[in-house]
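Engineer: give me the fold of what follows.
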Amino acid sequence: MTVLPDDGLELAGEFPDVPHEQWQRLVAGVLRKSGKDVEGAEAEEALFTALEDGLTTRPLYTARDSAPEPGFPGFAPFVRGGRAEGNTVGGWDVRQRHTVADGSAVLADLENGVTSLWLTLGEGGIPVPALGRVLDGVYLDLAPVVLDAGRDVEPAARGLLRLYEERGVAPEAARGNLGADPLGHEARTGQRGEFAPAAGLALQCAAEYPGLRALTVDALPYHEAGGSAAQELGCSLATAVAYLRELTDAGLSVEQACAQLEFRYAATADQFLTIAKLRAARRLWARVAEVCGAPRAGAQLQHAVTSPVMMTRRDPWVNMLRTTIATLAAGAGGADSVTVLPFDHALGLPDAFARRIARNTSTILIEESHLSRVIDPAGGSWYVERLTDELADAGWQFFRGIERAGGQAAALRSGHLGQELADTWQARTGKLAKRREPVTGVSEFPNLAEKPVVRESAPEPPSGGLPRVRRDEAYETLRARSDAHLAATGSRPRIFLAAIGPAAAHTNRLTFASNLFQAGGIEPVTEGTFEDSGAAEVCLCSSDTLYEERAAAVAAELRSAGAAHVFLAGRPGQYPGVDAYVFAGCDAVAVLSATLDRMGVS
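Structural biologist: Numbering: from 1, shown residues only. Have a look, this model is predicted:
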């Protein structure tokens, strides 16, 4: 190690300390210009951003924002990682998902950067008897295999174990997970399953296959049902605790039972929330292991999957950016394995190009960005440490609520858990409808002229339990109505945007209105006259000053020319002849749906 000489210099040594109160006064001065007369702590609070779970993001974090000591990688409470070396040796495990019996696609992935396989078998996936064919040519002693077989978990697991034996793979060389997750399957399908097969597989793995785990604690069903980060954490803890009880009753020690579990979480494009969630998950599981009397067994093995909820069907190319950010967050958060869903995941079966981009996302971040060379790169950030602590507390409280309700199985079967997830999604749906949570390419900057991306239909996943939601679903419904109208008439429904005054007066609101109406599949017409536009709906776009001078007269003129409905972009006041107002924060979905109804677009 090189020791630098003491040259007498201190960072910021010649700059005076700036008190927190001085910064707050400057913030108050800026807010006063926008009409908010607040001082001190209230000025700072005006810049807070509300998150789900009652959390807030502050504009500034300092050393005063304390959080519990995160410890060191490989040591309790494992916030900084379950292994002392982290992912620094070779990066995280790049795990690709396959749902169809395509052995060539499997080999292509393994030959080009993928390091483990995640195979969906049975209902909604690969037929169990086809497992050997799918893995033909795969070196099973080198490539870990993770199964996801739902109710078919026992025949699928037995089939994989038989392949190990037939191909001469030593038991100690087998790696992966047999994928038993009876509560996760019940959450997906509403069908109760028996735990006995999972217990039998766990006992066999503990006795014969030291590198193979039997159970997955999958939090994706709760994330995909609209759950928040804390709810995802709470559900995973409640599920894992239920499995610990069953496994210890079956004869395993607490340490052995913990060693049979792998946890699966969603990684979203909210990078700091994802980082904090993975760090908080490790802290919470370490606490459970400690309470159970096995603190050394509390190192959680994590599999992160880029969120299916955030994937869009329109402008799917943007999904590449979303999954890149999510993968970066998963890697920085310390996930042991990462699955990048292909950008066309929401459209059907991914093609070879999409799978290539998916696997190369991890490769670039590991090999070119060197993201894995630093353990817990976000650790030590006052913001990340505080967010980790607050999220861990919220997740723990949700977990305790499930336990008070009788545990994960009881919470699922009573409908209590499903209602809590639905309430969370309902609140988020309101933000999406009002475009407070923008979806690029869908609710923001949509492209009506984009060429659809068509894919072969994917197998239908199991259903009947918790719903699967998507951020784009309300806008997708509107766009589908527009597509049907285009197919039937040869043109999309239209609205004429009437710009009043010079460009400097109307450009901002013209852009706003154009984006809003295109989000619902309504084509904005900005050139020519209203009479030539072929539209019956009009939206006035200008400044507040020009609205005062000319809005009423322009609205009357357009009505005399045949306009059936007149919008005004902005909320400056009420004007004769104007039927409705569109503005930032209005319910865009409701406005667009009503507009399509008036146009006769079903």
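Engineer: flag the shaky bits of this structure, pLDDT-wise.
Structural biologist: Residue ranges of the chain with pLDDT under 70: 1-13.
Engineer: redo that, cut-off 80
Structural biologist: The model of the chain has pLDDT under 80 over residues 1-15.
Engineer: distance of Pro576 from Arg151?
Structural biologist: 65 Å (Cβ to Cβ, to the nearest Å). C-beta coordinates here come from the backbone N, C-alpha and C atoms, glycine included.
Engineer: equivalent analysis for Gln426, please.
Structural biologist: Where Arg151 is concerned, Gln426 sits at a distance of 30 Å (Cβ to Cβ).
Engineer: the two: which is more packed in?
Structural biologist: A count of neighbours by other Cβ atoms under 10 Å puts Arg151 above the other of Gln426 and Arg151, at 19 against 10.
Engineer: sec struct for the more buried one, please.
Structural biologist: Under DSSP: H, G, I helix; E, B strand; the rest coil, Arg151 falls in the helix class.
Engineer: what sits against it?
Structural biologist: Gly122, Glu123, His185, Thr189, Gln191, Gly193 (Cβ atoms under 8 Å, 6 or more residues apart in numbering).
Engineer: buried sites along the helix or strand harbouring the third one?
Structural biologist: Using DSSP states H and E, His185 sits within helix 182-189. Buried positions in helix 182-189, judged by neighbour count with 16 or more other Cβ atoms under 10 Å: Pro182, Leu183, Gly184, His185, Glu186, Ala187, Arg188, Thr189.
Engineer: a markdown table for those, including distance to Asp37?
Structural biologist: A markdown table is the format used below for the buried residues of helix 182-189 (distance: Cβ to Cβ, whole Å):
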| residue | distance to Asp37 |
| --- | --- |
| Pro182 | 58 |
| Leu183 | 53 |
| Gly184 | 52 |
| His185 | 56 |
| Glu186 | 54 |
| Ala187 | 49 |
| Arg188 | 52 |
| Thr189 | 55 |
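Engineer: out of those residues, which is nearest to Glu367?
Structural biologist: Within the buried residues of helix 182-189, the smallest distance to Glu367 is 32.9 Å, found for Gly184 (Cβ to Cβ).
Engineer: and for the closest one, nearest residue in space, chain neighbours not counted?
Structural biologist: Here the nearest residue to Gly184 in space, its sequence neighbours aside, is Asp218; by Cβ to Cβ, 6 or more residues apart in numbering that works out to 4.1 Å.
Engineer: what about that neighbour, how many neighbours?
Structural biologist: Neighbours around Asp218, by other Cβ under 10 Å: 25.
Engineer: next one: the one 5 residues further on
Structural biologist: Burial of His223, expressed as a neighbour count using other Cβ under 10 Å, amounts to 27.
Engineer: now do it against Ala326, distance only.
Structural biologist: Separation of His223 from Ala326 (Cβ to Cβ): 12 Å.
Engineer: and Leu558, by the same measure?
Structural biologist: 46 Å.
Engineer: who has more neighbours, those two?
Structural biologist: Using other Cβ under 10 Å as the criterion, Leu558 and Ala326 rank with Ala326 on top: 27 against 19.
Engineer: what residues are up against the more buried one?
Structural biologist: Ala267, Thr268, Ala269, Gln271, Thr274, Ala304, Thr306, Ser307, Met310, Val340.
Engineer: about what we covered before: and the contacts of Arg151 as JSON lines, adding distance to Val241?
Structural biologist: Formatted as JSON lines, these follow (distance: Cβ to Cβ, whole Å):
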{"residue": "Gly122", "distance to Val241": "26"}
{"residue": "Glu123", "distance to Val241": "27"}
{"residue": "His185", "distance to Val241": "18"}
{"residue": "Thr189", "distance to Val241": "22"}
{"residue": "Gln191", "distance to Val241": "22"}
{"residue": "Gly193", "distance to Val241": "18"}
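Engineer: and of those residues, the nearest to Arg64?
Structural biologist: Of those, the one sitting nearest to Arg64 (Cβ to Cβ) turns out to be His185, at 46.1 Å.
Engineer: look up the closest residue to the closest one, ignoring the ones flanking it.
Structural biologist: The nearest residue in space to His185 (Cβ to Cβ, 6+ apart) is Gly150, at 4.7 Å.
Engineer: contacting residues around that neighbour?
Structural biologist: Gly150 touches Leu121, Gly122, Glu123, Gly124, His185, Arg188, Thr189, Pro462, counting by Cβ under 8 Å, 6+ apart.
Engineer: please, which helix or strand holds Val94?
Structural biologist: strand 93-98.
Engineer: contacts for that strand, please.
Structural biologist: With Cβ under 8 Å, 6+ apart as the contact definition, strand 93-98 has outside contacts at 105-106, 109, 113-120, 126, 134, 144, 146, 303, 305, 336-339, 341, 355, 358-359, 362-363, 366.
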